[in-house]
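Engineer: fold the stuff below for me.
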Amino acid sequence: MKINKLTILIIIFISKSIFAVIPESIIFNDILVGETSEKIVTITNKGDLDLIVYHIYQTGRNDNQFSINGDTTFTLKNGYSKEIVVRFNPIQLGTKYSHLIIENNDPERDSTIIDLIGMIKPLVVNTMNDSTFIAGDSIIFQYNARSENSSDQLNYTLLNGHPDATIDNTGIFRWNNTIAGSFTFVVSIADNHGNIVNDTTDLVGLYWGDTSLDYQYINEEDASLVMDHTSDIIELTGNSLIIADVSNDSLVNAFDASYILRYFHGLIDEFPSENSGLYKKNLTSGKVEWNIANSPINSEKIRIPIYVKENPKNIYALELKINYNQSEIQINNIISTLPDDWQISSNKKDDHIIIVMAGITPLDESKIIVLDGLSNTSSGSIDATYLINSNPVSSMKTLSFNKTPIQFKLNQNYPNPFNSSTTISYVLEKDSQVKLEIFNLLGQNIRTLVNTKNSKGFHNVYWDGLNNNGKQLSTGNYIYKISSGSFIKSKKMTLIK
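Structural biologist: Modelled structure (predicted):
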């Protein structure tokens, strides 16, 4: 290959190092004296030849307040970059200036100057944090502001908030006799040169027991929210959860609901959360039992009464967790026999029921609730735990049953009327072939639920309201029919959409 003079000239002309830097200037904004702020300078070689950085240094009247962290001499291959850290650490008030000089072998930018400017925040103010408080508390906060000029007179002004709140000329914010509600306070701090800082703070005042957070005096709705929280129907969070613990025992349960009810009805005028001695006075006694002798489980229907016994004293709240196997027991209703001034909340889960009770008068020895339902098998058991007020959890004796079906029977579906799904139960006195069908009022078969041999005993069949083609049926009355040998029985049920 022949290389002529023109080729050599083109190679010499194109091949060179090209210096590029980002940014071209650096400004440090609103830095406090004594603090350190950092910025990054990126140097890149955009040429073909090596870029050689001979030296990086500062010059300027405030160069002692700027510094460089990183190599000040290096070589970059084409396409490579290197970062340099520039720090600003002001030691006195006022705007500071300096220059960063980068000497390199790019003939067009062999000595690049980057301006460095450090701007000190002229007016420094500590801010009041957003917070919550209990209505009636006093709030005091000291603003500590300083100006660029120490001789400046600072002016404090309360622009927004509550008319009972004040701020004096030394920066002390004070609000006595606070009330419940959500308030936004704006405090303005100004110096003699027109520098102004506005501090905005959100303060939320709460009443003990105001779980609804309506910032009004508490009522029975607040107690109901605590009851539903305890039975896992809802979950109280945030401020609602904090102020619900009026019993001051670090728990939120039915005992708190009872205090709220008693406060609303004027039986107490303060909570243990306001006076811790109240909680210690509520010593309790008593026991929760089901009356096994009066719990008929000798057929498919069951009614289990639950009592408070053994000289009950100061019982204002009860929580029950009843554990059972749905294949054995079906609890359909909880019948309350509580005093009229008591509330009850219940929540049925897959394998247990939570029952929460609270009232304004203490319970005597009495029946409190009755569990009403069906037994689905020839044997089974129920057990439960209970909590009186905020005492430790106790266990109830296990309730067992063992029975034998005595005759064929088709029970009424439950629930009825129903929306979208229901359960049909039946009893077989012996092993037999069973066919369970659903008909419309024209006598047409729309769904066959069972067509097989079943063992003797109690059976539950779930129907989802669909026909044999998997389509949802419309509102109306339907007939379900069981056939098992000579035993044929039908009942009517109602679907409501």
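Engineer: how about low-confidence regions in this protein?
Structural biologist: 1-14, 93, 148-151, 276-282, 292-300, 376-379, 402-406 (pLDDT under 70).
Engineer: which parts of it belong to which domain?
Structural biologist: 17-120, 123-206, 285-402, 409-495 (automatic domain parsing).
Engineer: tell me which of these is the most buried.
Structural biologist: domain 285-402 (a mean of 17; mean count of other C-beta atoms under 10 Å). Quick note: C-beta positions are derived from backbone N, CA and C, even for glycine.
Engineer: so where do the strands sit in the stretch 101-250 of the chain?
Structural biologist: Remark: strands assigned in the stretch 101-250 of the chain by DSSP state E, counting those that start in this stretch are 111-120, 123-125, 131-134, 139-142, 145-147, 155-160, 166-167, 172-175, 181-190, 196-206.
Engineer: make JSON lines from these and add distance to residue 396 to it.
Structural biologist: Listed next are these as JSON lines, based on distance: least, C-beta to C-beta, whole Å:
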{"stretch": "strand 111-120", "distance to residue 396": "72"}
{"stretch": "strand 123-125", "distance to residue 396": "62"}
{"stretch": "strand 131-134", "distance to residue 396": "39"}
{"stretch": "strand 139-142", "distance to residue 396": "49"}
{"stretch": "strand 145-147", "distance to residue 396": "64"}
{"stretch": "strand 155-160", "distance to residue 396": "58"}
{"stretch": "strand 166-167", "distance to residue 396": "59"}
{"stretch": "strand 172-175", "distance to residue 396": "51"}
{"stretch": "strand 181-190", "distance to residue 396": "45"}
{"stretch": "strand 196-206", "distance to residue 396": "38"}
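Engineer: out of those, which is closest to residue 348?
Structural biologist: Smallest distance to residue 348 across those (C-beta to C-beta): 32.9 Å, for strand 196-206.
Engineer: all the strands of the stretch 351-497 of the chain, residue numbers only.
Structural biologist: 352-359, 366-375, 379-388, 394-395, 399-402, 409-410, 422-428, 432-439, 445-454, 457-463, 476-484, 487-495.
Engineer: what's the offset of the last one from the middle of its chain?
Structural biologist: Meaning strand 487-495. 46 Å (C-alpha atoms, centre = their mean, to the nearest Å).
Engineer: packing partners of it?
Structural biologist: strand 409-410, strand 476-484 (3 or more C-beta pairs under 8 Å, 6 or more residues apart in numbering; DSSP states H and E).
Engineer: right, and the strands of the stretch 101-250 of the chain - which one's nearest residue 356?
Structural biologist: Across those, closest to residue 356 is strand 196-206 (C-beta to C-beta), at 23.4 Å.
Engineer: so what strands line up beside the closest one?
Structural biologist: Note on strand 196-206: by DSSP bridges, its sheet partners are strand 131-134 (parallel), strand 181-190 (antiparallel).
Engineer: any figure for the gap between residue 233 and residue 244?
Structural biologist: 14 Å (C-beta to C-beta, to the nearest Å).
Engineer: neighbour count: those two, which is higher?
Structural biologist: Per other C-beta atoms under 10 Å, whichever of residue 233 and residue 244 has more neighbours is residue 244, with 27 against 15.
Engineer: so where does residue 257 fall, helix or strand?
Structural biologist: helix 254-264 (DSSP states H and E).
Engineer: same for that helix, what does it pack against?
Structural biologist: Counting contacts by 3+ C-beta pairs under 8 Å, 6+ apart, helix 254-264 packs against helix 220-230, strand 317-324, strand 352-359.
Engineer: by contact count, what packs against the longest one?
Structural biologist: What that stands for is helix 220-230. helix 238-244, helix 254-264, strand 342-348, strand 352-359.
Engineer: one more pass at 6 Å, please.
Structural biologist: Here helix 220-230 touches helix 254-264, strand 342-348, going by 3 or more C-beta pairs under 6 Å, 6 or more residues apart in numbering; DSSP states H and E.
Engineer: outside of it itself, list whatever touches it.
Structural biologist: 209-212, 234, 236, 244, 253-254, 256-257, 260-261, 264, 343, 345, 356 (C-beta atoms under 6 Å, 6 or more residues apart in numbering).
Engineer: mind doing that once more with 7 Å?
Structural biologist: For helix 220-230, contacts defined as C-beta atoms under 7 Å, 6 or more residues apart in numbering pick out 209-212, 234-236, 244, 252-254, 256-257, 260-261, 264, 319, 343, 345, 356, 358.
Engineer: go on, stretch 66-86?
Structural biologist: Outside of stretch 66-86, the residues within contact range by C-beta under 7 Å, 6+ apart are 26, 38-45, 47-48, 50-58, 87-88, 98, 100, 116.
Engineer: restricting to C-alpha, output it in PDB.
Structural biologist: What follows is stretch 66-86, C-alpha atoms only, in PDB (Å, rounded to 0.1, in the frame of the first residue of the first chain):
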ATOM      1  CA  PHE A  66     -13.900  25.000  48.200                       C
ATOM      2  CA  SER A  67     -11.900  21.800  47.800                       C
ATOM      3  CA  ILE A  68     -11.300  19.000  45.200                       C
ATOM      4  CA  ASN A  69     -11.500  15.300  45.900                       C
ATOM      5  CA  GLY A  70     -10.000  13.000  43.300                       C
ATOM      6  CA  ASP A  71      -7.000  12.700  41.000                       C
ATOM      7  CA  THR A  72      -5.700  16.000  39.700                       C
ATOM      8  CA  THR A  73      -3.500  14.400  37.000                       C
ATOM      9  CA  PHE A  74      -4.600  11.600  34.800                       C
ATOM     10  CA  THR A  75      -4.900  10.300  31.200                       C
ATOM     11  CA  LEU A  76      -8.200   9.400  29.400                       C
ATOM     12  CA  LYS A  77      -8.400   7.100  26.400                       C
ATOM     13  CA  ASN A  78     -10.900   8.100  23.700                       C
ATOM     14  CA  GLY A  79     -14.500   7.800  24.900                       C
ATOM     15  CA  TYR A  80     -13.600   7.500  28.600                       C
ATOM     16  CA  SER A  81     -14.800   9.800  31.400                       C
ATOM     17  CA  LYS A  82     -13.700  10.600  34.900                       C
ATOM     18  CA  GLU A  83     -15.500  12.300  37.700                       C
ATOM     19  CA  ILE A  84     -14.100  14.900  40.100                       C
ATOM     20  CA  VAL A  85     -15.800  15.900  43.300                       C
ATOM     21  CA  VAL A  86     -15.900  19.500  44.200                       C
END
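Engineer: which ones are touching the closest residue to residue 118 other than its chain neighbours?
Structural biologist: On the basis of C-beta to C-beta, 6 or more residues apart in numbering, the spatially nearest residue to residue 118 that is not a chain neighbour turns out to be residue 96, at 3.9 Å. Contact analysis of residue 96 by C-beta under 7 Å, 6+ apart lists 62, 65, 90, 118.
Engineer: biggest separation within these, which pair?
Structural biologist: Largest pairwise distance in the contacts of residue 96, by C-beta to C-beta, is 8.6 Å, between 62 and 90.
Engineer: any idea which element residue 86 lies in?
Structural biologist: Assigned by DSSP H and E, residue 86 falls in strand 81-88.
Engineer: could you dump stretch 345-364 to CSV, C-alpha only?
Structural biologist: The C-alpha coordinates for stretch 345-364 follow below in CSV (Å, rounded to 0.1, in the frame of the first residue of the first chain):
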residue,chain,number,x,y,z
SER,A,345,-70.5,-7.5,67.2
SER,A,346,-69.8,-10.8,65.6
ASN,A,347,-67.8,-12.0,62.7
LYS,A,348,-68.0,-15.5,61.2
LYS,A,349,-64.7,-16.9,59.8
ASP,A,350,-63.9,-20.2,58.1
ASP,A,351,-63.2,-22.1,61.3
HIS,A,352,-64.3,-19.8,64.1
ILE,A,353,-66.6,-17.0,65.2
ILE,A,354,-65.5,-13.9,67.0
ILE,A,355,-68.2,-12.4,69.3
VAL,A,356,-67.5,-9.1,71.0
MET,A,357,-69.8,-7.6,73.7
ALA,A,358,-69.6,-4.4,75.7
GLY,A,359,-72.0,-2.5,77.9
ILE,A,360,-72.5,0.3,80.5
THR,A,361,-73.6,-1.8,83.4
PRO,A,362,-71.8,-4.8,84.8
LEU,A,363,-73.2,-8.3,84.1
ASP,A,364,-74.9,-10.4,86.7
